[in-house]
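Novice: have a look; sequence and predicted model below, questions after that.
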Amino acid sequence: MSQLSNLKVLVADDHFLIRQFVLNTLRESKIENVQTVADGNEAIDQVQKAKNENQPYDIVFLDWNMPTVSGLEVLSYFRAKPEYADTAFVMLTAESEQQNLMKAIKAGATSYIVKPVSPSDLGKKLYEINEWLKRKRQVSSGIFG
Amino acid sequence: MSEHRKRISLDEPLSRDIANAVYASMRDTFGIKVSIGETHYGEGAASLEGDISGIIGLVQEELDGTLVLSMSTEAMRDILPHALGKSFAVTQDTAIDAVAELTNMVFCQIKNALNQRNFEIKLGTPCVVTGKGHFVCQFHRGKHMIVPFHVDGKLFQVYVALQGSPK
C-alpha cells in the first residue's frame, strides 16, 4: 500500500459536518474508497464486516465522543485483537489537553487529530498515517512473508 | 481553590480567547474569515439573535457559568456550503448539527487556552436549543459578556455568563 488513492477508509463521527468535512478532504487527496458511520457500534460492525470479507479498512477515523459507544471504546476493542494490529486508528477530538491525548495513545491510537483541523493539516496527517501503514506492513511481510 | 489556580473573569483576555477559537474554527473547518465586533459587557437577561444555540456549562471550583454560541439558520445556510460544497442543500437538521459541532470545537479551544494559563476549568455536556428568534437568559444575578461576529454580513454571537461565590 504505497499510494493514498489505494487506501480504504472509514470515518466514524456522530456529526454530519465532520463526516462530510473529512470525506471531502479525503476525496481531494484522491481517496475514493471511503465509508462513513455515525456511531461506535456501527463502526465496530463495519470494520469487522470488511475484515471478514477480506477487504479490511486501512484507516479508521474515530470521533472521541459518540453516542452509545465512544471512539475510545471502539479503539480499545480493536486493539485487543491482534488481527487489527496493522489497521490505523485515528482519534478525532476537540480536546487538546495532554492527559486526554495520552489516553488515546495508551489505548493504541495510531494518531490523533484535534478539531478544528484544516484540510491541509488533515492531508499532512494522512501522509504520516500512510507512512505508518507502510512500515507496519513491511514488518508484517518480513515476519510472515 | 488551589494555590496556582486563577479565577476566571469576564475580561479582555477571555474575549480574545473566544475570538481566537471562533476565528480558527471558521478558518479551518469552513475556510472563511469572520470579522469580530466589540465585546459587550452586561448584567441580567440578555437577548441573543439566533435560531440555534449551542450551550455548555462551565465549572471552576468556586465559580460556574454558561457558554452559548447563538446563530441564525440563515447564517448557517451561508456558511455550510463553504465546507460541504456549493450544491449542498442545508436543512434545519444539518444546520443544528453544524452549530452543535461548532459549539464543541469553539468551547473546547477556549477551555484549552484557559487551562494552559492554570484556570483549571471543566465543561459540561453540550446541548443545542432551537427555535426561531428564541430568547436566551440566565437564571442568576451574575454578569455576562457577548462577543459578536459577522460572516457574509450575518451576525452570530458568543455569550458567557458567570456567577461565583467570592471569598
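Specialist: Looks like it came in fine.
Novice: contact partners for A:I18?
Specialist: Neighbouring residues of A:I18 by C-beta atoms under 8 Å, 6 or more residues apart in numbering or on different chains: A:V11, A:D63, A:L92, A:K115, B:E101. Backbone N, C-alpha and C define where each C-beta goes, glycine included.
Novice: adding pLDDT as columns, could you present the residues you listed in a markdown table?
Specialist: What follows is these, written out as a markdown table (pLDDT from 0 to 100):
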| residue | pLDDT |
| --- | --- |
| A:V11 | 98 |
| A:D63 | 96 |
| A:L92 | 95 |
| A:K115 | 94 |
| B:E101 | 94 |
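Novice: buried among these? Make that a ChimeraX selection.
Specialist: Remark: buried members of the contacts of A:I18, expressed as a ChimeraX selection using 16 or more other C-beta atoms under 10 Å in any protein chain shown:
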select /A:11,63,92,115 /B:101
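Novice: now intersect the contacts of A:I18 with the helices, please.
Specialist: Secondary structure defined by DSSP state H assigns B:E101 of the contacts of A:I18 to helices.
Novice: next, format the contacts of A:I18 as CSV and append distance to B:G124.
Specialist: Below are the contacts of A:I18 laid out as CSV (distance: C-beta to C-beta, whole Å):
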residue, distance to B:G124
A:V11, 27
A:D63, 19
A:L92, 21
A:K115, 19
B:E101, 16
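Novice: count of neighbours near B:L58?
Specialist: Residues within reach of B:L58, counting by other C-beta atoms under 10 Å in any protein chain shown, total 22.
Novice: pLDDT on the helix or strand hosting it, on average?
Specialist: Assigned by DSSP states H and E, B:L58 falls within strand B:52-60. The average of the pLDDT scores along strand B:52-60 is 93.
Novice: same check, this time on stretch B:67-85
Specialist: Stretch B:67-85 comes out at a mean pLDDT of 91.
Novice: that stretch near chain A at all?
Specialist: Yes: using C-beta under 8 Å from any C-beta of the partner chain, we find that stretch B:67-85 touches chain A at B:L80, B:A83, B:L84, B:G85.
Novice: how about that stretch as PDB, C-alpha atoms only?
Specialist: Taking Å, rounded to 0.1, in the frame of the first residue of the first chain, the C-alpha atoms of stretch B:67-85 are listed here in PDB:
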ATOM      1  CA  LEU B  67     -21.300  29.400  27.400                       C
ATOM      2  CA  VAL B  68     -23.600  29.900  24.500                       C
ATOM      3  CA  LEU B  69     -23.000  30.200  20.700                       C
ATOM      4  CA  SER B  70     -26.100  31.500  19.000                       C
ATOM      5  CA  MET B  71     -26.600  31.700  15.300                       C
ATOM      6  CA  SER B  72     -29.400  32.100  12.800                       C
ATOM      7  CA  THR B  73     -30.300  29.300  10.400                       C
ATOM      8  CA  GLU B  74     -29.700  31.800   7.600                       C
ATOM      9  CA  ALA B  75     -26.100  32.400   8.700                       C
ATOM     10  CA  MET B  76     -25.500  28.600   8.700                       C
ATOM     11  CA  ARG B  77     -27.100  28.300   5.300                       C
ATOM     12  CA  ASP B  78     -24.400  30.700   4.100                       C
ATOM     13  CA  ILE B  79     -21.500  29.100   6.000                       C
ATOM     14  CA  LEU B  80     -22.000  25.400   5.500                       C
ATOM     15  CA  PRO B  81     -21.600  25.300   1.700                       C
ATOM     16  CA  HIS B  82     -18.100  26.700   2.200                       C
ATOM     17  CA  ALA B  83     -17.200  23.300   3.800                       C
ATOM     18  CA  LEU B  84     -19.600  21.000   2.100                       C
ATOM     19  CA  GLY B  85     -19.800  22.300  -1.500                       C
END
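Novice: in it, which residues are buried?
Specialist: Buried, per 16+ other C-beta under 10 Å, within stretch B:67-85: B:67-73, B:75-80, B:82-84.
Novice: so which of these sit within strands?
Specialist: B:L67, B:V68, B:L69, B:S70, B:M71 (DSSP state E).
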